[in-house]
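Novice: Test case, fold it:
(chains A and B)
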Amino acid sequence: MIKERTGWLMAGLAVLLLIIAVYSATVGTADIPFNEVVLITLNELPLINRYVSAPEGPSRTIVVLIRLPRIVLGIIAGISLSVSGTSMQGIFKNPMASPFILGVSAGGGLGAAIGFYLGVSFYYLPLLAFLTALGTVFLVFALGRVRKKTDIATLLLAGLAMNFLMSGLTSYIRYMSPPEKMVQMQILSFMLGNLNEAAWNQVYITLPIMIIGLALVFAYSRDLNVIQMGEESALQLGVDVERTKFVQLVTSSLLAATMVAFTGIIGFVGLMIPHGARLIVGPEHKRLIPTAALIGGIFLILCDTISRTIGEIPVGIITVLLGSPFFIYLLIRNRGDTGW
Amino acid sequence: MVGTLEVRELTTGYGEKEVLKNVSISLKKGKVLGIIGPNGSGKSTLIKAITGVIPTWSGEVMHDGKNIDDLHRRERARVIGVVPQDTFINFPFTSWEVVMMGRNPYLGRFENPKRDDDLAVKEAMEATKTLKFKNRSVRELSGGELQRVVVARALAQEPRLIFLDEATSHLDIGHKLEIMNLIKDRAKHQNVGILSIHHNLNLAARYCDEIVLLDGGEVHAKGTPKEVLTRAHLRAVYGIEAEIDENPRDGSLYVTPIKRQVMEEDKEEVVHVICGGGSGRVMLKELVEYGYEVTTGVLNVMDSDQKMAEFLDLRCVTEAPFSSISEQKNSENLKLTEEADIVVGTDFAVGPGNLDNLKALLYAANSGKKVLLLERKEFDERNHVGTEGDRIYRELINKNNVKTVTGMDKLIRQIDEGNL
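Specialist: Alright, predicted model coming up:
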């Protein structure tokens, strides 16, 4: 239906993303008007800043150093998680797959919990979470290799098992940690996912990873389509199935692990956004991937704006609270099939 | 050879398990080659091995003189298109999108479908009568509609060879014939080679130019349907008794399975049955079903026992209808008793014409064979040759290696126990 107008849809979503991003920067404890935010933002951009002048002062500091990095990181997280989820659902041929299916979240959670428990500095905590997330995925991969091939069903079960194992260990650390040291709270906050500690240096690290990840997933759009016919048929249609699975699983795990390291475990985005996008543009990945990316970005900054407005509750709580009813709505709407 | 697919001495399997052993087949362009065989005989594995889904252990597959393993998988997909038995699609792709996937081997990573791709898809959907639901989600299609979409996908692939893996088994008879006619038409007019796995022997007989019968991963028989679809082959491979008729209209064969044998396993023993007048009819069939190699004689042609022996394709010494046993036939019969491990005599009526059959039983007993006599009727009631018959009979039953049994079940049990 929308096939012919996908280009316009993308443009519309991109503009919407921009507007919401700027609007989000006006929201917070200090009231900063829309046009001032626009001017400050434009003034910060190279080249354009020659033609735009913006007022100096506390508003500028708040926008540039606090709100903008948080919004940009939110967009990056939304895009990364949605693209990762789309790729995972494609490879698993299952709309219930998520970026965390291979144990990224539980692994990252364990690393973070260890970090908080040992009092590791904020600089190294993301690194620790990132490494444990990838280590877990590596173990799951090793378990899922059957006769030199990646067996999707085995992989799913291996992911499930490692998720349980890592979560169990995390719970143990939480249980053991003394309450007065705030470790419990820190771990909980990580498990729920938040953008509180956003800073530009995080953007500089996550943005290139997001761009490379998005490009790699998008490059395999058609392979992801053909794999939906079943791996055997895909092979007979000329798809390098093993390479596709490998590249996609590694890329989407990397995207998810990076975001988990910096923003904690923001749930539901990677599971739900691909669904929503699929309802709009259908399952064809060349349209689905960019659509999911844009909707993911929009959704996450909307959720974070709400989270900031109602008093700094972790954004992961908002995504789940907004996401679950939508999910239930989809379930009821699609009950008795015709698919997702 | 140009214009063919040559599979030479192909051996492959899964893990340690060998599934195909030294399979050699040849598929010519423009022809339909059928692959038949029971479950587990390796039919689907053959397609998997040729299309590179599983590696071959040894042997080679040549297409137009080139080893197919040297082809890039995209090139291979331009040579061979496959229609699987089932397709499950979790996401609501439209029919058009699914057929367009057949163009995958022609499109670069970032290339969008062009005019000729659209044309190929449209033509394939027209041929399979699926164009009318090109915008519908494949998840809303019936099984038959989806299968026709998948056939269209294979056609849009424009391959030199099309492999059908029981592709029509879920379709109703109308669509079955429609698809097979379409495929056969492709073979003829576009010089496409078709390899088609069939469960349905009649469909195979009707549409295939040649048939390969697989059994336990090996080629049991190959040739024209007439050469392959014989009672002996079907019995040996499927363990069924079947009648094979020729359709008077188009000369195609028609296979009617009669009964499945109980075939626990093929037994080594040869049982020679001396019978006649219908007394051995059921016995012959039962022994065959129990897996024994059965011979019989001497029977008059048109005797109901003889008809059964012919139906079961048994080695049988026959005499002209209503004639006495000649000396030559008698000696042939005696030879068969010598070759047998066990000789069975039924309670046939003894007259002057077949007294030699009674003597043959005595001959077998005298030469030390185990002889079992079926005695549902007293000998007196069926003796029509007076004292000579009596004398031979008494000599027979007094032998140590001769046993009389009153029922057929008991007799077969005796043979079976003799086995242990």
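Novice: so what's A:I71 up against?
Specialist: Residues in contact with A:I71 (CB atoms under 8 Å, 6 or more residues apart in numbering or on different chains) are A:21, A:24-25, A:301, A:304. Any C-beta I mention is one placed from the backbone N, CA and C, and that applies to glycine too.
Novice: If you rank those by neighbours, which is first?
Specialist: With neighbours taken as other CB atoms under 10 Å in any protein chain shown, the top of these is A:D304, carrying 29 neighbours.
Novice: would you say that one is within a helix?
Specialist: Yes - A:D304 forms part of a helix when assessed by DSSP: H, G, I helix; E, B strand; the rest coil.
Novice: wait, isn't it in contact with A:T319?
Specialist: No - at 9.0 Å, A:D304 does not count as touching A:T319 under the criterion of CB atoms under 8 Å.
Novice: still on that earlier bit, any idea which of the contacts of A:I71 is the one closest to A:E180?
Specialist: Proximity to A:E180 was ranked across the contacts of A:I71 by CB to CB; first place goes to A:D304, at 29.8 Å.
Novice: Got phi/psi on A:G107?
Specialist: When quoted as degrees, to the nearest 10, the phi and psi of A:G107 stand at phi -60, psi -50.
Novice: Contacts only, for it.
Specialist: Counting by CB under 8 Å, 6+ apart, A:G107 makes contact with A:132-137, A:162, A:166, A:257.
Novice: That one and chain B, how far apart?
Specialist: As for A:G107, its distance to chain B is 27 Å (criterion: CB to the nearest CB, to the nearest Å).
Novice: Now do that residue, the pLDDT please.
Specialist: Confidence per residue is given as pLDDT, and for A:G107 that number is 94.
Novice: what's the closest non-adjacent residue to it?
Specialist: A:T136 (2.8 Å; CB to CB, 6 or more residues apart in numbering or on different chains).
Novice: helices or strands up against the strand or helix carrying that neighbour?
Specialist: Assigning secondary structure by DSSP states H and E places A:T136 in helix A:125-144. If contacts are counted by 3 or more CB pairs under 8 Å, 6 or more residues apart in numbering or on different chains; DSSP states H and E, helix A:125-144 sits against helix A:104-118, helix A:152-176, helix A:241-263.
Novice: Need the CA coordinates for that helix. CSV is fine.
Specialist: Only the C-alpha atoms of helix A:125-144 are listed here, as CSV (Å, rounded to 0.1, in the frame of the first residue of the first chain):
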residue,chain,number,x,y,z
LEU,A,125,32.0,0.7,33.7
PRO,A,126,30.6,0.8,30.0
LEU,A,127,33.7,-1.0,28.9
LEU,A,128,33.2,-3.7,31.5
ALA,A,129,29.5,-4.0,30.6
PHE,A,130,30.4,-4.1,26.9
LEU,A,131,32.9,-6.9,27.3
THR,A,132,30.7,-9.1,29.4
ALA,A,133,27.8,-8.6,27.0
LEU,A,134,30.0,-9.6,24.1
GLY,A,135,31.6,-12.4,26.1
THR,A,136,28.1,-13.8,26.7
VAL,A,137,27.2,-13.6,23.1
PHE,A,138,30.4,-15.4,22.2
LEU,A,139,29.5,-18.3,24.6
VAL,A,140,26.1,-18.5,23.0
PHE,A,141,27.6,-18.6,19.6
ALA,A,142,30.0,-21.3,20.6
LEU,A,143,27.1,-23.3,21.9
GLY,A,144,25.0,-22.7,18.8
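Novice: ok now that helix, how far from the chain's centre?
Specialist: With CA atoms, centre = their mean, to the nearest Å as the basis, the distance from the averaged C-alpha position of helix A:125-144 to the chain average is 17 Å.
Novice: What of stretch B:28-44?
Specialist: 12 Å.
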